[in-house]
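sequence-free structure coming up:
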């Protein structure tokens, strides 16, 4: 069992589907990003406030493994666990369909931070993880 630290429930909207009737692969990145933003808010931080302070959090790499499709009106949960690796914060994000708890997507998202336009050693991530 994974040690998830955050989760958010969402629902597929019809306009997110491709011609085959499944969620378009690019839409999954939006789901993942939304979950990361909500996770950050749950820790007391926001991207907007950090940006105003000259702290820019950004994705440097994304790996996504598609396991099972989501379709119209599916309800699903995005679960997150995090890990620090050097200057990066790694988000391991899994998407499960709620109806049957089937794994639909596994993702690994590497995030970095720039402070005043210089690559940070990631101290902000330590603050967020506390």
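Good, I have the coordinates. Predicted, not measured: the structure shown is a model, and the values here were computed from it.

If you drop the residues flanking it in sequence, what lies closest to the residue nearest the centre of the chain?
Ranked by distance to the mean C-alpha position of the chain (C-alpha atoms, centre = their mean), the top residue is residue 32 at 3.4 Å. Closest residue to residue 32 apart from its sequence neighbours, by C-beta to C-beta, 6 or more residues apart in numbering: residue 93 at 5.1 Å. Bear in mind the C-beta positions are built from the backbone N, C-alpha and C, glycine included.

contact partners of the host helix or strand of that neighbour?
With elements taken from DSSP states H and E, the one containing residue 93 is strand 88-97. In this structure, residues lying in contact with strand 88-97 by C-beta atoms under 8 Å, 6 or more residues apart in numbering are 2, 4, 28, 31-32, 35-36, 60, 68, 70, 74-84, 102-113, 122, 125, 128-129.

Filter the residues you listed down to the ones in helices?
Counting by DSSP state H, the part of those found in helices is 28, 31-32, 35-36, 125, 128-129.

which of the residues you listed has the weakest pLDDT?
Going through the ones in helices among the contacts of strand 88-97 one by one, the lowest pLDDT turns up at residue 129, 78.

How many residues are close by the residue nearest to residue 74 when sequence neighbours are not counted?
Using C-beta to C-beta, 6+ apart and skipping residues adjacent in sequence, the residue nearest residue 74 is residue 12, 4.6 Å away. Applying the criterion other C-beta atoms under 10 Å, we find 20 residues in the vicinity of residue 12.
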